[in-house]
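S.K.: Below are the sequence and a predicted model; questions follow.
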Amino acid sequence: MSSHKKHSYALVGALLATASVAAACGSSGAKSNATNQSNATNPTTAAGAASGSATNAPIKIGMTSSNTGAFPVAGIQASGFMQRYFDKINSQGGVNGHQIDFKVLDDGATASRATANVQQLILQDHVQVVTSDGSATSVAIMPILKQNNIPYLFPQSFESALINPPQNGVYALFPLYPQQINTVVKYAYKKLGAGSAVIVRDDLPVWDSSTSAATQEVQAMGGKVTKVIQSTYTQSDWGSVVLQIQQAHPDYLILITSGPAAGGLLKAMSQQGVKPGKASLGIASELSQLTVKAAGGIPDNTFYGALPGTVAPGGASSASCQQLWPQEPMEIWGLEGCAQAAAIVQVFKDLGDNFSASAIDNLLNNHFGPFKTSYTGTFQSSPTHLLTNGIGIGTYVNNAVAPVGSGVQ
Amino acid sequence: MSTFVGISVNGLVTGVLFALVAMSLILLYKATGVVNFAQPQAGMISAFAAYWLSKDMPSWLGVLCGLLCGGGLGLVTYLIIVRAKPGKALELSLRTMALFLLTETIAEHFWAAGAPYNYPGPIPQGSINLINYRVSYDQLVAAAASAIVAIGVSLLLSRTRIGLISRAVAADRDAATNLGAPVVTVDVVAWIVAGIVSGVVAILYGTMQSISPTMMDPFVVAGFAAAIIAGFQSMGIAVVAALLLGVVQSGTGVYINAPIWSEVIAFGFLYIGLMVFKGRTALGAAT
């Protein structure tokens, strides 16, 4: 072989290595906590922006959202339905006479871009509060928000680290993943009896707390987790996972991953004729038509823990949200977007003209609610900084979601 | 025993798809000297075409159109990468990497929101039992298609006039051109066939799993690893390497239970291919 070809091989290898490293950096960005936070931010400027509330001045809300990247539909629907909710409020005269100025920046599901977005929202756009979509990114932006004293309201995230421990300036609206999985485990074990369980979880660190919570809840209910199987969002080979489930032969299969990934596994299990003895249990992110599409059909005895409104998609609560964006078939993330927006609007209604961070803390810690929305159930101020605690249990009947119960954590 | 059989069969099914990717890469490289990094993306677009078209026409016709789309994309890639501004093979390969990134970004922009797309395809559902492991009909078709493509490409290269010319072009492109060989025809055929083969992989994988803009990502490293181990020359070695990689990945999935190791193993194969096996090919022993 000529030296030219040898050099070609070397360059091909270098190119592949470069591309792989670039891809790895992109994905690991989402996994890592943002370690290079915001040295360039200016607390004085940011704090000044947060406290200003001149007569009829707009309410400035910023959002970093994963509208592209590994799982874009969640971000597109979350930010899209929020935008339309705020548009509707603005068309009705705004909140106490203030129009809502809502700015969304795409972070591509990477922590570094989410952090850069928040810097821009604080320093250039002078937002008064920030919200977000995406579990991994939602935690990564917390330090920069704290540093700049910008309230972080109701991210579309179920990550425990948001409010564990509770801290001023950060408030979660939705029941967290560990609470979702605990509730559905408790429901299934009460209904179908104790038994062994296998957990299939995505290997992102964001799922660690949910895996621990599920393991503990299974034990508390008299069962035992016999195996925890690692998978990925982009798993190409579900056969090896199915083989492990087949070996373990569990009564319960607990799925802690994304909707498409859960659907891919259910499809592979169906192909191999493998199913748990009693039930499959999952979390809100799997309660989606994406799961149904990927699975080609949801097996019987599959239960999910999720927001109350999301387990009754045919009900009035979801209908009013869907009407905001009729062209977009609403998934759970759209409904959660409506819930986020409704809660934020309620906060500013209660604040009057004082949008300062301290006023928001005082309100949400002590005097908020109780309110009942069609999206979330009841929410109110709470020392845990989690404003709702109702969780619905849903299942699929003919591939359509149906509510079967509820729980409170 | 049944677990071992399951691992082996599951790995072989994945491996045949890796093998198809590797063969399409080798075909193009042998004929034109270009390493086409964007090739898997042509397959992804073919799968989307088959998916969309199958909504309005018989499923098998949708597949056929999808494959034609793959061939067409191969031709278009040739026209915009090679013909628009001819260059050295290495330069052309670099351009395909840019095309890979561009294609995936555009596809994500337009199609990611609804992904994954469930694509049943024309293959009926069902399976056969192979020592307590069910092999689905689409997996069987994938294995058969791999064998057919491997034989077809080998025959194309060894038994046809175009294959003879392509080998001459691969040996010394300038000399072949000066001797009046239809180099452009060889290029066009190679790009089209490689595009079609990529389409076969993506459509088969789409029926087995689902379709999405990033569906071919797992095949990029694995396909390149197998092709490099084969020195971008030997289809047979590429197939064996791809099957082995599939089985090893399947086995580590079960016994090590850490998805990251599947990637590590693929990179390990790639490294071995680059550092060890290319020497054999350089001496011509493996061709």
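M.R.: That came through, no problem. Numbering: from 1, shown residues only, chains lettered A, B, ... in the order given.
S.K.: which residues touch stretch A:282-289?
M.R.: Residues from elsewhere that reach stretch A:282-289, judged by CB atoms under 8 Å, 6 or more residues apart in numbering or on different chains: A:74, A:158, A:174, A:177, A:180-181, A:184, A:210, A:254-259, A:262-263, A:302-307, A:310-311, A:329, A:331-332, A:394, A:401. Just so you know, the C-beta spots here come from the backbone N, C-alpha and C atoms, and that holds for glycine as well.
S.K.: which of these are buried?
M.R.: When neighbours are counted using 16 or more other CB atoms under 10 Å in any protein chain shown, those contain these buried positions: A:74, A:158, A:174, A:177, A:180-181, A:184, A:210, A:254-259, A:262-263, A:302-307, A:310-311, A:331-332, A:394, A:401.
S.K.: Helices - which of those residues land there?
M.R.: Restricting the buried ones among the contacts of stretch A:282-289 to those inside helices, with DSSP state H as the criterion, leaves A:Ala74, A:Tyr177, A:Gln180, A:Ile181, A:Val184, A:Ser210, A:Gly259, A:Ala262, A:Gly263, A:Ile332.
S.K.: Show me which pair in those is furthest apart.
M.R.: Greatest spatial distance in those: A:Ala74 and A:Val184, 20.0 Å, computed using CB to CB.
S.K.: buried ones in stretch B:207-224?
M.R.: For stretch B:207-224, burial by neighbour count (16+ other CB under 10 Å) applies to B:207-224.
S.K.: Need the three-state assignment for the residue of chain A found nearest chain B.
M.R.: Of all residues in chain A, the one sitting closest to chain B is A:Ser240 (2.9 Å; CB to the nearest CB). Three-state secondary structure (criterion: DSSP: H, G, I helix; E, B strand; the rest coil) places A:Ser240 in helix.
S.K.: do the same with A:Phe102
M.R.: Going by three-state DSSP, the state assigned to A:Phe102 is strand.
S.K.: What degree of burial does it show, as a neighbour count?
M.R.: Around A:Phe102 there are 23 other residues, counting by other CB atoms under 10 Å in any protein chain shown.
S.K.: again, but for A:Pro326
M.R.: Using other CB under 10 Å, A:Pro326 has 8 neighbouring residues.
S.K.: thought A:Gly273 was touching B:Ser136?
M.R.: No: in terms of CB atoms under 8 Å, A:Gly273 does not count as a neighbour of B:Ser136; the distance is 11.2 Å.
S.K.: The two: who's more crowded?
M.R.: Remark: of A:Gly273 and B:Ser136, B:Ser136 carries more neighbours, 20 against 11, as counted by other CB under 10 Å.
S.K.: contacting residues for the residue lying closest to the more buried one once chain neighbours are set aside?
M.R.: By the measure of CB to CB, 6 or more residues apart in numbering or on different chains, the closest residue to B:Ser136 outside its immediate chain neighbours is B:Ser127, 4.5 Å from it. B:Ser127 makes contact with A:Gln271, B:Arg134, B:Val135, B:Ser136, B:Tyr137, B:Gln139 under the criterion CB under 8 Å, 6+ apart.
S.K.: are any of those buried, and which?
M.R.: In the contacts of B:Ser127, burial by neighbour count holds for A:Gln271, B:Arg134, B:Val135, B:Ser136, B:Gln139, counting by 16+ other CB under 10 Å.
S.K.: Sort out which one of those residues lies nearest A:Met63 for me.
M.R.: Out of the buried ones among the contacts of B:Ser127, the one with the shortest distance to A:Met63 is A:Gln271. That distance is 40.0 Å, counting by CB to CB.
S.K.: What separation is there between the closest one and B:Ala144?
M.R.: When distance is defined by CB to CB, to the nearest Å, A:Gln271 is 18 Å away from B:Ala144.
S.K.: just A:Pro299 next, same as before
M.R.: The gap separating A:Pro299 from B:Ala144 is 30 Å, by CB to CB.
S.K.: coming back round to it: mind putting the buried ones among the contacts of B:Ser127 into JSON lines with distance to B:Ile260?
M.R.: As requested, these are exported to JSON lines (distance: CB to CB, whole Å):
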{"residue": "A:Gln271", "distance to B:Ile260": "25"}
{"residue": "B:Arg134", "distance to B:Ile260": "28"}
{"residue": "B:Val135", "distance to B:Ile260": "27"}
{"residue": "B:Ser136", "distance to B:Ile260": "27"}
{"residue": "B:Gln139", "distance to B:Ile260": "25"}
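S.K.: Which of the residues you listed fall within helices?
M.R.: Among the buried ones among the contacts of B:Ser127, the subset assigned to helices under DSSP H consists of A:Gln271, B:Gln139.
S.K.: Dump the buried ones among the contacts of B:Ser127 into a markdown table; add pLDDT as well.
M.R.: A markdown table is the format used below for the buried ones among the contacts of B:Ser127 (pLDDT from 0 to 100):
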| residue | pLDDT |
| --- | --- |
| A:Gln271 | 84 |
| B:Arg134 | 84 |
| B:Val135 | 85 |
| B:Ser136 | 85 |
| B:Gln139 | 84 |
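S.K.: of all the buried ones among the contacts of B:Ser127, which comes closest to B:Arg95?
M.R.: Proximity of the buried ones among the contacts of B:Ser127 to B:Arg95, judged by CB to CB, is greatest for B:Gln139, which lies at 35.1 Å.
S.K.: Could you pull up the residues touching that closest one?
M.R.: If a contact means CB under 8 Å, 6+ apart, then B:Gln139 has B:Val13, B:Ser127, B:Met208 as its contacts.
S.K.: The last one and B:Trp52, how far apart?
M.R.: Plainly put, B:Met208 is 19 Å away from B:Trp52 if you go by CB to CB.
S.K.: So what does the residue nearest to B:Ser136 have for phi and psi?
M.R.: B:Ser127 has phi and psi values of phi -160, psi 160 when expressed as degrees, to the nearest 10.
S.K.: thinking again about what came up before, in helices, which of the buried residues of stretch B:207-224 appear?
M.R.: Residues from the buried residues of stretch B:207-224 lying in helices, with DSSP H as the criterion: B:Thr207, B:Met208, B:Asp217, B:Pro218, B:Phe219, B:Val220, B:Val221, B:Ala222, B:Gly223, B:Phe224.
S.K.: Look up the closest residue to B:Gly246, ignoring the ones flanking it.
M.R.: The nearest residue in space to B:Gly246 (CB to CB, 6+ apart) is B:Gly15, at 2.5 Å.
S.K.: which helices and strands does whatever helix or strand that neighbour lives in pack with?
M.R.: Per DSSP states H and E: B:Gly15 is located in helix B:2-32. Other helices and strands packing on helix B:2-32, by 3 or more CB pairs under 8 Å, 6 or more residues apart in numbering or on different chains; DSSP states H and E, are helix A:239-248, helix B:39-53, strand B:133-136, helix B:137-159, helix B:161-171, helix B:183-208, helix B:217-229, helix B:235-255.
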